[in-house]
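Trainee: Fold the following.
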Amino acid sequence: MNNLTTDRLILRNFRREDATDLLAYLRYPVASCFIGLKLDDLAAAEIEAEKRGTNDEYIAVCLAATYTVIGDVFAISEEPDTYGVGWNFNPAFTGSGYAFEAAQALFRHLFRDGGEARRVYAYVEDHNSASRRLCERLGMRQEGLFQEFISFRDDDAGQPIYENTIQYALLRKEYNR
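Mentor: Below is the predicted model of the structure:
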């Protein structure tokens, strides 16, 4: 993928040397849906950074001023023209609009700059108010609430804890308005 740039960010493919920054936010994932991506050490982070660098699904979000990786955005093709999208950021960099800026660049890439997307969607846990606000700010509409939709972790007795999940979506024709 060619780099995508904004006023403050560079979005690019991951590299092995991003491992330390990747570990900073995947050692203790904040959102339940990223628990399965948890990394235990730098060696695991190096492997994950290299793996992510082999395709355009997970895109590193870097500060343009320092090249520090502060998170990632992803777009996973599920049909020729439909993408599951999302974002995961280092908590040290939240609250500055970086996720919005990066997601805007991703959507522009998918819908306009040669992108073939007809539809993008995101699943968000109903208690993740920051991601819900981000979806709405990006112009995505709520399509449904799935009760006890998925489990990412177990309780102390080993029983799954099911999450309520909201699906948001945006069509190309809605994006172009």
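Trainee: host element of the residue nearest in space to the middle of the chain?
Mentor: The centre of the chain sits closest to residue 87, judged by Cα atoms, centre = their mean, with a distance of 1.8 Å. Under the criterion DSSP states H and E, the helix or strand holding residue 87 is strand 82-89.
Trainee: Show me which residues of that strand are buried.
Mentor: 83, 85-89 (16 or more other Cβ atoms under 10 Å). (Glycine included, C-beta is placed from N, CA and C.)
Trainee: how much space between the residue lying farthest from the centre of the chain and residue 148?
Mentor: Residue farthest from the centre of the chain, counting by Cα atoms, centre = their mean, is residue 157 at 30.7 Å. In this structure, residue 157 and residue 148 are 17 Å apart, going by Cβ to Cβ, to the nearest Å.
Trainee: again with residue 125
Mentor: To residue 148, residue 125 is 12 Å away according to Cβ to Cβ.
Trainee: okay, and the common contacts of these two?
Mentor: Taking Cβ atoms under 8 Å, 6 or more residues apart in numbering as the contact rule, the neighbours common to residue 125 and residue 148 are 163-164.
Trainee: More neighbours: which of the two?
Mentor: It is residue 125, of residue 125 and residue 148, that has more neighbours when counted by other Cβ atoms under 10 Å, with 18 against 11.
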